[in-house]
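Q: Next comes the sequence, and after it the predicted model I'd like to discuss.
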Amino acid sequence: MEEYVIIVAGGRGVRMGSDVPKQFMLLSGRPLLFHTIEAFYRCKPDIRTVLVLPDGQRNHWRSLCSRYGFTVPHLVVSGGETRFHSVRCGLEFIEREVGGRAEALSGVFVGVHDGVRPLVDGGTITSVYERARLKNGAYPAVPITDSVRRFTDDAEGGSVTVDRTKYFLVQTPQVFRADILMEAYRQGYMPKFTDDVSVVESTGVCKPVMVEGSRRNIKVTDRFDLVIAGALMNMDLE
């Protein structure tokens, strides 16, 4: 079965307080996005990597690859106005490459991964793809360890404790059979689509299953996250 990963990297660095998009910021001396792409290549050397970037960032990406000698195979596609539209752009590219035939697409599995999750490990990648092949869709998640409260609707703005054992933090990659994922992304965008699982579940065609994620698989959204990611990566080197 053929495997793809769509790596979505459309950040602008606003929460970083920087003019440099967060996916291009340095992590252990190299652009963060290099580490993300390499994680999939190390685990699955034959995987087809489709990197989705804003059109205005493609030239900068090429210059970074040249400057740092980055040669891991990947294809670059221009994204859309939201993550939803960027994933759709990646899927349209894959559909054209595979040929669009239903029988061909049913043998292809596509993962979607956040470009700013550079510490995803091979065990997580392998388990999500394996589970998706059995159930047509799978995603990693980790249990919540902090206490959780929910705001109530009373006039005083109160809150109540909720049972944290019933809640999980969802991660990526989220992997699906290609034809199922492509059909789900043909519908119109809605604000409730916060990830690929929510898009697929809205169709009722597939019920993706949850697999154990990793607490290391953090999403780098601000400078604090970048420091944590650097510390975790340096621990691996010692």
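A: On my side now, so go ahead.
Q: Tell me where the model's unsure across this protein.
A: 11-18, 155, 236-238 (pLDDT under 70).
Q: ranges for the helices of it?
A: Secondary structure of the chain by DSSP state H: the helices cover 32-43, 58-68, 83-98, 102-105, 122-135, 178-184, 196-201, 223-237.
Q: Distance to Val5 and mean neighbour count added to these, as TSV?
A: (Each C-beta comes from the backbone N, C-alpha and C, glycine too.) What follows is the helices of the chain, written out as TSV (distance: least, C-beta to C-beta, whole Å; neighbours: other C-beta atoms under 10 Å):
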stretch	distance to Val5	mean neighbour count
helix 32-43	5	20
helix 58-68	17	13
helix 83-98	9	19
helix 102-105	16	14
helix 122-135	8	18
helix 178-184	12	23
helix 196-201	12	22
helix 223-237	19	13
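Q: Can you say which of those is nearest to Arg150?
A: Closest approach to Arg150 among these (C-beta to C-beta): helix 196-201, 19.5 Å.
Q: Point out the other helices and strands that that closest one packs with.
A: Helices and strands touching helix 196-201, by 3 or more C-beta pairs under 8 Å, 6 or more residues apart in numbering; DSSP states H and E, are strand 137-143, strand 174-177, helix 178-184.
Q: what do you get if the cut-off is 6 Å, keeping everything else the same?
A: If contacts are counted by 3 or more C-beta pairs under 6 Å, 6 or more residues apart in numbering; DSSP states H and E, helix 196-201 sits against no helix or strand.
Q: Name the residues that touch that helix?
A: By C-beta atoms under 6 Å, 6 or more residues apart in numbering, the list of residues contacting helix 196-201 from outside reads 112, 137, 139, 174, 184, 193, 206, 208.
Q: Spatially nearest residue to the third one (excluding sequence neighbours)?
A: Read that as Tyr139. Closest residue to Tyr139 apart from its sequence neighbours, by C-beta to C-beta, 6 or more residues apart in numbering: Gln174 at 4.1 Å.
Q: just to revisit the earlier point, just put the contacts of helix 196-201 in CSV and tack on distance to Tyr68.
A: Formatted as CSV, these follow (distance: C-beta to C-beta, whole Å):
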residue, distance to Tyr68
Val112, 25
Gly137, 35
Tyr139, 31
Gln174, 29
Ala184, 36
Phe193, 34
Cys206, 39
Pro208, 35
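Q: From those, pick the one nearest Leu32.
A: For these, the nearest to Leu32 is Val112 (17.8 Å; C-beta to C-beta).
Q: so how far is Arg101 from the closest one?
A: According to C-beta to C-beta, to the nearest Å, Val112 stands 22 Å off from Arg101.
Q: And for Val5?
A: Taken as C-beta to C-beta, the span from Val5 to Arg101 is 21 Å.
Q: Between these two, which has more neighbouring residues?
A: In this view Val5 and Arg101 are compared by other C-beta atoms under 10 Å, and Val5 has more residues nearby, 28 against 10.
Q: Might one say that that one is in contact with Gly111?
A: Yes. Counting by C-beta atoms under 6 Å, Val5 touches Gly111, with 4.4 Å between them.
Q: To Glu212, which of the helices of the chain lies closest?
A: helix 122-135 (7.2 Å).
Q: Tell me the helices and strands packed up against that closest one.
A: Partner elements for helix 122-135 (3+ C-beta pairs under 6 Å, 6+ apart): strand 137-143, strand 174-177, strand 209-212.
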